[in-house]
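Engineer: Turn this into a model:
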Amino acid sequence: MEQVIRTGKKNASLIEVFVVFFKLGSISFGGGYAMVPLIENEVVEKKKWIAQETAVDIIAVAGSLPGAIGLNAAALVGYSIAGIPGTLVAILGNLSPCVLIVLSLSVIFQQFSTEPSVQAAFSGIRPAVIALIAYAAYTTGKMSIHNNACRAIAILAFCAMMIAPMYIVLIIVSGALTGIFLDKYKCYLSKR
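Structural biologist: Numbering: from 1, shown residues only. Okay, the predicted model is just below:
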């Protein structure tokens with residue numbers, strides 16, 4: 001008998017979670033940030049498993065963890081939907097198509113990588129992936145950047161990434177500490 005998990009708005013079976021993340025893993029090209037709008041569309045808009053604000057928080061945490069953001073996001077969304085079993089099923093669903101596709105393509109790519117049509121396909125895929133990443137930044141930014149302090153943190157973090165991209169953890173920790181400081185400062189001002 002299939003285990004059914006109760007989420008905030010809808011019942012979700014582990015099989016359904018697997019199928020959704022298998023589909024997402026099958027159609028997301030270009031890395032984890034390209035997957036962000038797809039995850040958001042599927043689990044927030046279509047399935048209504050999690051709220052938009054929760055999705056933004058998940059993407060923020062997934063991006064600050066080591067490893068692939070798409071896989072981290074799948075794990076966190078799976079956990080939000082169905083706990084540990086949801087995490088495992090979402091990861092397995094998300095990884096399965098990638099492993100199958102990469103194994104198949106690695107054999108084919110070795111033989112056809114120098115073909116002009118293959119090179120042309122990749123030159124068309126790259127700009128499309130950039131558009132997906134830009135859209136993910138735009139939608140996440142709309143939910144995350146809601147005041148001037150957030151705008152300043154985003155701009156400073158972006159500038160820091162342009163200057164020293166190897167210090168990602170330091171930039172994330174600095175953003176977190178700035179957010180905590182600003183919250184404490186706001187509470188301090190409200191008590192005066």
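Engineer: ranges for the strands of the protein?
Structural biologist: Taking DSSP state E as the criterion, the chain carries its strands at 4-6, 11-13.
Engineer: which stretch in the ones you listed has the least confidence?
Structural biologist: Lowest mean pLDDT within the strands of the chain: strand 4-6, a mean of 40.
Engineer: Can you report phi and psi for Ala51?
Structural biologist: phi -80, psi 160 (degrees, to the nearest 10).
Engineer: what do you get for Ala68?
Structural biologist: Torsion angles at Ala68 (phi, psi; degrees, to the nearest 10) stand at phi -70, psi 130.
Engineer: Excluding chain neighbours, give the residue nearest to Val118 in space.
Structural biologist: In this structure, Val118 finds its nearest non-sequential neighbour in Phe112, 5.3 Å apart by C-beta to C-beta, 6 or more residues apart in numbering. All C-beta atoms are positioned from the backbone trio N, CA, C, and that covers glycine.
Engineer: got it, and Val36?
Structural biologist: Nearest-residue entry for Val36: Ala136, 3.7 Å, with adjacent residues in sequence omitted and distances by C-beta to C-beta, 6+ apart.
Engineer: returning to what we had before: the residue nearest to Val118 and Phe122 touch, don't they?
Structural biologist: No. The criterion here is C-beta atoms under 8 Å, and Phe112 misses it with Phe122 at 11.6 Å.
Engineer: what packs against the top helix by length along the chain?
Structural biologist: Ordering each helix of the chain by length in residues (DSSP state H) puts helix 69-112 first. Helix 69-112 is packed against strand 4-6, strand 11-13, helix 14-27, helix 32-39, helix 52-64, with contacts defined by 3 or more C-beta pairs under 8 Å, 6 or more residues apart in numbering; DSSP states H and E.
Engineer: change it to 7 Å
Structural biologist: Using 3 or more C-beta pairs under 7 Å, 6 or more residues apart in numbering; DSSP states H and E, the elements in contact with helix 69-112 are strand 4-6, helix 14-27, helix 32-39, helix 52-64.
Engineer: So which of the ones you listed has the densest surroundings on average?
Structural biologist: The highest average neighbour count among the helices and strands packed on helix 69-112, using mean count of other C-beta atoms under 10 Å, belongs to helix 32-39 at a mean of 23.
Engineer: if we look at that helix, which residues are touching it?
Structural biologist: Residues outside helix 32-39 that contact it (C-beta atoms under 7 Å, 6 or more residues apart in numbering): 24, 27-28, 59, 68-70, 73, 77, 129, 132-133, 135-136, 139-140.
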